[in-house]
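Peer 1: got a sequence here, can you model it:
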Amino acid sequence: MEINDLTPAEVRVWRAFPRGEPVDFGETEAQNPATGSEWGPERTVRASVLRALLLSTPQADGEIPRLRLSGARITGQLNLMYAVVDHPLHLRYCHFDESPDLYGSRLRQLNLRGSVLPALNLPSTRIDGPLRMTDCRVRGPVRLAGSQIAGALFMDGAELITSDASVAVLQLNQSVLGDGFAAPGLRARGEVRLDGATVGGSVNLEGADLSNPGGRALSAQSLEVRADVRARRLRAEGGIDLRGARITGRLDLNRSRLSNPGGMALRASSCVIGELWLFRSEPLDGTLHLRRSRIDVLGFEPQVVAGEVLFNNLSYTALTPHEPAERRLPLLERDGDGYVPYAYEQLAAAYRHVGDEGAARRVQLAKLRRHRATLPWLGRAWGHLQDLTVGYGFRPLRAAVWLLSLLAAGSTVYALHHPHPLKADEAPEFNPVFYTLDLLLPVISFGQEGAFAPVGGYQFLSYVLILTGWILATTVIAGVSRSVTRQ
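Peer 2: Modelled structure (predicted):
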């Protein structure tokens, strides 16, 4: 392309490029690129000129070429498919009439800060430095699937909107980010997709607003993050899907609002996560799905998870904050899989981990009571009896109370009405207390039961004492055996 074919605005860009000098067509922050379609020829540059400039590589001796363009209207399509561009590209606060296409290209660096674009096509692109899209406004999908970015991806304050609900507004699936993904304050209307992505640093979505009602606001299946996912004050309308994700550090969703009525508000099944935080968040509007995940520290207040949960085969070491068992147990009763014994065992183990044996026993007792409802009528009756008498072995003092009560009742009755001796000349002196103990204790004998024979109603009372003694002894043995097995 000859310089004689260029407009005055394009000449400025052409001459500044070899020396890496900036070309600013306006006060960047003061002028809104969204109105760029109204800008005149004095700040308009054709995309074909930029393409010829980047690929022809004019150079000045001792200078490093760079494209540093601000506040320009770029007409036509900037097509750099499969191109190798060895110079940094700074297209800040620009208005693109058409969507740039950089499919399969290799770039040194790309800075689109504050620009307005119809869409952006960057699949399979390799960028040796960072990609900056801070404060960008994109009215179509941003395609970065399969891209490799050696530095970080910056999308802080960006706004991404698509009118086609079937197309993800941000496509980072299978991409590799050498550093991090920084998008605090991101506003996305449509699905944000990070399936299979690898992030060498942190993911920052603090204060982001993701909306895709009835679908997935964030899909990050098999995402690998080697540091933290910071998403405090996140607002998500639509599901968050993290199935199979690997997050070395923490997944921080403190003070967030996750809403997907009738669906999964947060699905983090089959994940490996260092810490999951939901402190001081609004109650989840939707299901919390954590099946088969391994989490070192699971942190949330009971009121945050107010709906259905799926906890089958969820493993965690610590549960914070420390709450009474009575506040945690209703959560397990809302498990969509029904009675899940493993969930009770994990909760009891978490209480033991912090030395709260009393809470652990209450969880185990709740587990047995929940299990009782799944049994046939005979098993339920036997379970109710064990619960009433000794609390399934977790309330051993109940057995002592029952024995003492029966001992007092029997001793009083037989003290007032002595039974007749079977052999008057051989019978020992009658003792109502030891006689009642002989009836109650099925193994120990004090020589009273065999020497005296009550009649009438007193004989019926002796049968009751013998039967209740056997029942108490059996339930105590079953409870102690169960406790020993748990230990």
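Peer 1: tell me how far the residue nearest to Gly140 when sequence neighbours are not counted lies from Gly185.
Peer 2: With sequence-adjacent residues excluded and distances taken as C-beta to C-beta, 6 or more residues apart in numbering, Gly140 is closest to Ala119, at 2.9 Å. The way it works is simple: take the backbone N, C-alpha and C, and place the C-beta from them, glycine included. To Gly185, Ala119 is 21 Å away according to C-beta to C-beta, to the nearest Å.
Peer 1: now do Leu276
Peer 2: Distance from Leu276 to Gly185, by C-beta to C-beta: 23 Å.
Peer 1: compare neighbour counts for the two and give me the winner.
Peer 2: Leu276 (24 against 18; other C-beta atoms under 10 Å).
Peer 1: the more buried one in helix, strand or coil?
Peer 2: Recorded secondary structure, Leu276: strand (DSSP: H, G, I helix; E, B strand; the rest coil).
Peer 1: next up, the contacts around the residue nearest to Gly140.
Peer 2: By C-beta atoms under 8 Å, 6 or more residues apart in numbering, the residues touching Ala119 are Ser99, Val138, Arg139, Gly140, Pro141, Val142, Arg143.
Peer 1: now those residues in JSON lines, with neighbour count?
Peer 2: Formatted as JSON lines, the contacts of Ala119 follow (neighbours: other C-beta atoms under 10 Å):
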{"residue": "Ser99", "neighbour count": "18"}
{"residue": "Val138", "neighbour count": "25"}
{"residue": "Arg139", "neighbour count": "17"}
{"residue": "Gly140", "neighbour count": "19"}
{"residue": "Pro141", "neighbour count": "23"}
{"residue": "Val142", "neighbour count": "24"}
{"residue": "Arg143", "neighbour count": "24"}
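Peer 1: farthest-apart pair in those residues, please.
Peer 2: Greatest spacing in the contacts of Ala119, by C-beta to C-beta: Arg139 and Arg143 (13.9 Å).
Peer 1: buried residues in stretch 10-24, which are they?
Peer 2: Glu10, Arg12, Val13, Trp14, Ala16, Phe17, Pro18, Gly20, Val23 (16 or more other C-beta atoms under 10 Å).
Peer 1: what is the strand or helix carrying the third one packed up against?
Peer 2: In the assignment (DSSP states H and E), Val13 maps to helix 8-16. Here helix 8-16 touches strand 22-24, strand 44-46, helix 47-56, strand 67-70, going by 3 or more C-beta pairs under 8 Å, 6 or more residues apart in numbering; DSSP states H and E.
Peer 1: in which helix or strand does Met264 reside?
Peer 2: With DSSP H and E as the criterion, the answer for Met264 is strand 257-267.
Peer 1: elements contacting that strand?
Peer 2: Applying 3+ C-beta pairs under 8 Å, 6+ apart, one finds that strand 257-267 makes contact with strand 235-241, strand 285-289.
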